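Peer 1: Sequence first, predicted model second:
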Amino acid sequence: MTRAKKSINIKSITFLGVLTAIVVVLQLIGNYVAIPVAGAVVSISLSLIPIVIASTMRGPWAGGWLGFVSAMVILLFNGATFFLGLNPFGTIVTVILKGTVSGIAAGFVYKMLSKINKYLGVFVAAAVCPIVNTGIFFIGGMIFFADIIWVVAVGALINFSFEIAVNLIFSPTIVRLVDYIEKR
């Protein structure tokens, strides 16, 4: 392995390691910070931002990795307690799929659109990530929790609105900043 390739690998691993730690912290905060809105309790998560950053800067599988890490934090640290009590298998499948697939999908969308314009790709990936995440949540909810999914739908849609807005603002901005720093 050449010295340049080894340097790139170390840089990528370090970057992904830092983003993994950030995902863990942001998801832990999201698990325990909830806001009552319109009769629903909505957990606020910012963990999709580093997932989008990884998927756009290091590829779909990096985004998938961070989505998986986020899912594991949700499952291991009380982020899905309500659903685990109702259907553990359905909860585990839904949470792991929604996290992992949202990161992978964002990465593939970025890959396709970045050929046209890099920042268009980042912007659309920042939208795709929460859309896929919430979409899989609702699909899993209809399959495994059909009798109660509509009870939590209002909270999920409020959370989605927050996630997409935050992602559309912060993900492209942070990617642009990281690009600037890396070029220096």
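Peer 2: Nice, thanks for sending it over.
Peer 1: by contact count, what packs against whichever helix or strand residue 168 is part of?
Peer 2: According to DSSP states H and E, residue 168 maps onto helix 149-183. Other helices and strands packing on helix 149-183, by 3 or more C-beta pairs under 8 Å, 6 or more residues apart in numbering; DSSP states H and E, are strand 40-43, helix 48-57, helix 118-144. (C-beta placed from N, C-alpha, C; glycine too.)
Peer 1: So for stretch 81-90, mean pLDDT?
Peer 2: Across stretch 81-90, the average pLDDT comes to 94.
Peer 1: tell me which residues in it are buried?
Peer 2: 83, 84, 90 (16 or more other C-beta atoms under 10 Å).
Peer 1: does the closest residue to the first one other than its chain neighbours count as helix, strand or coil?
Peer 2: The one in question is residue 83. Once flanking residues are discounted, residue 83 sits nearest to residue 91: 4.2 Å by C-beta to C-beta, 6 or more residues apart in numbering. Following DSSP: H, G, I helix; E, B strand; the rest coil, we place residue 91 in the helix state.
Peer 1: residues touching the spatially most central residue of the chain, list them.
Peer 2: Nearest residue to the geometric centre of the chain (C-alpha atoms, centre = their mean): residue 48, 3.1 Å. Residue 48 is in contact with 70, 102, 129, 130, 133, 163, 166, 167, counting by C-beta atoms under 8 Å, 6 or more residues apart in numbering.
Peer 1: Good, wrapping up.
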